[in-house]
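**Student:** sharing a model prediction with you, sequence too.
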Amino acid sequence: MLAFSLIFDSHFHLNEENSCFVPSGYNGIISCSSREEWNAAEKFSLPKTFGIHPWEPDIKKLDFLELLLKEDKITGTGECGFDFYTAELKKTEAAQKECWNAQLSLALEYKKPLVIHSRKSYSRILEDSALLSKLPAVCFHGYSGSREQAQEILRKIPEAFFSFGTVLLRNPRKAFEAFRSIPYTHILLETDASGTSFLADVYEKAWDCISDKNDFDSIESFAGQILQNSAIFAGKNLL
C-alpha cells in the first residue's frame with residue numbers, strides 16, 4: 001500500500017464534522033463551496049479552492065470568492081460548472097449559468113486555474129472552450145466522460161487535466177478507456193471526500209489501468225508523475 005507521503009488528493013472536501021479525520025501527512029487540495037467548508041479548511045496548511053457549486057448556484061457567494069482571490073488565499077476557482085443530471089437540477093440552469101459566467105470571468109481576471117464540475121453538460125462547458133483555453137489550467141474533477149469526450153476536450157483546451165476518483169474503483173469499462181486515452185501528464189487522482197483511506201486504492205486501480213508499464217519503473221514513479229501534474233495544476237511546489 002502506498003504511503004500518504006507519496007500520493008496527492010487533487011480534490012477533497014471538509015466540514016466541521018469530518019475534518020478531524022484527515023490523517024497526519026495527508027496531502028491534497030481542499031475544495032470549498034461554502035463558508036462552513038472554508039472555516040473547516042482554514043486550520044490546514046494545504047492548498048485550497050473555493051467556488052459556487054452548481055448544486056447550490058447562489059450568486060451571493062461571489063463576493064466571498066472574489067475576496068479570497070484578492071487576498072490570494074486560494075489556488076484556484078471552483079468547483080463550478082453545470083449539472084443537468086436530474087430534472088430538478090435542470091430547472092436551475094439559468095442560475096447555474098449566471099454563477100458559471102461570473103466565476104469564469106474571475107478566474108480569467110486573476111489568472112487562476114478552474115476546477116470544473118460537469119454531469120450531462122460537457123457540450124455546454126465546451127461552448128466556452130475559447131475562454132477556458134486562456135486559463136493557466138482547468139481540471140475536470142471527478143471525470144466520468146468518454147474517451148471521445150476527453151480527446152475533444154484536449155483538442156479545444158490543451159491545458160486541461162482530468163481527475164479520476166471512485167469511478168475507477170467501480171470498474172467501469174468507459175472510465176478505463178478514457179483513462180488510457182489521456183496522456184499521463186494530464187491525469188490527476190482524487191477522492192472527493194475527506195480523511196479517506198481509499199486514496200491509495202484509487203492509485204492502485206489507476207496503476208492497474210496503465211496498459212504499458214514500461215512508462216514507469218514502479219507505482220511509486222507513477223505517483224511521482226501525478227504529484228508533478230498536481231503541482232503544475234496548482235502552480236506551486238507541493239512537496
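**Tutor:** Perfect, thanks for sending it.

**Student:** C-alpha from now on. contacts and neighbour counts both.
**Tutor:** Noted.

**Student:** can you give the contact residues for the strand or helix carrying A223?
**Tutor:** Here A223 sits within helix 219-234, counting by DSSP states H and E. Helix 219-234 is contacted by residues 2, 6-8, 10, 47, 75-76, 113, 136-139, 161, 184-189, 203-204, 207, 216, 237-238 when judged by C-alpha atoms under 8 Å, 6 or more residues apart in numbering.

**Student:** could you do stretch 98-115 as well?
**Tutor:** So stretch 98-115 is in contact with 51-52, 54, 57-59, 62, 66, 69, 75-82, 131-132, 134-141, 233-234, going by C-alpha under 8 Å, 6+ apart.

**Student:** what subset of those residues is buried?
**Tutor:** Buried members of these, counted by 16 or more other C-alpha atoms under 10 Å: 51-52, 54, 57, 62, 66, 69, 75-82, 132, 134-141, 233-234.

**Student:** inside helices: which ones of these?
**Tutor:** Judged by DSSP state H, the buried ones among the contacts of stretch 98-115 include 62, 66, 69, 132, 233-234 as members of helices.

**Student:** what's the spacing between A150 and E79?
**Tutor:** Distance, A150 to E79, using C-alpha to C-alpha, to the nearest Å: 19 Å.

**Student:** one more: P113?
**Tutor:** P113 is 10 Å from E79, by C-alpha to C-alpha.

**Student:** now the nearest residue to K48 once chain neighbours are set aside, what's its secondary structure?
**Tutor:** Excluding the flanking residues, the one nearest K48 by C-alpha to C-alpha, 6 or more residues apart in numbering is I30, at 4.6 Å. Three-state call for I30 (DSSP: H, G, I helix; E, B strand; the rest coil): strand.

**Student:** show me the contacts for I30.
**Tutor:** Residues in contact with I30, defined by C-alpha under 8 Å, 6+ apart, are 10-14, 41, 46-49.

**Student:** just want the most central residue of the protein.
**Tutor:** Centroid-nearest residue in the chain, with C-alpha atoms, centre = their mean: H141, separated by 3.4 Å.

**Student:** poorly predicted segments of this structure, please.
**Tutor:** Within the chain, the segments meeting pLDDT under 70 span 1, 15-21, 194-196, 211-213, 237-239.

**Student:** coming back round to it: tilt between the helix holding A223 and strand 28-32?
**Tutor:** Orientation check (axes from the mean of the first three to the mean of the last three C-alpha atoms, to 10 degrees): helix 219-234 against strand 28-32 gives 40 degrees.
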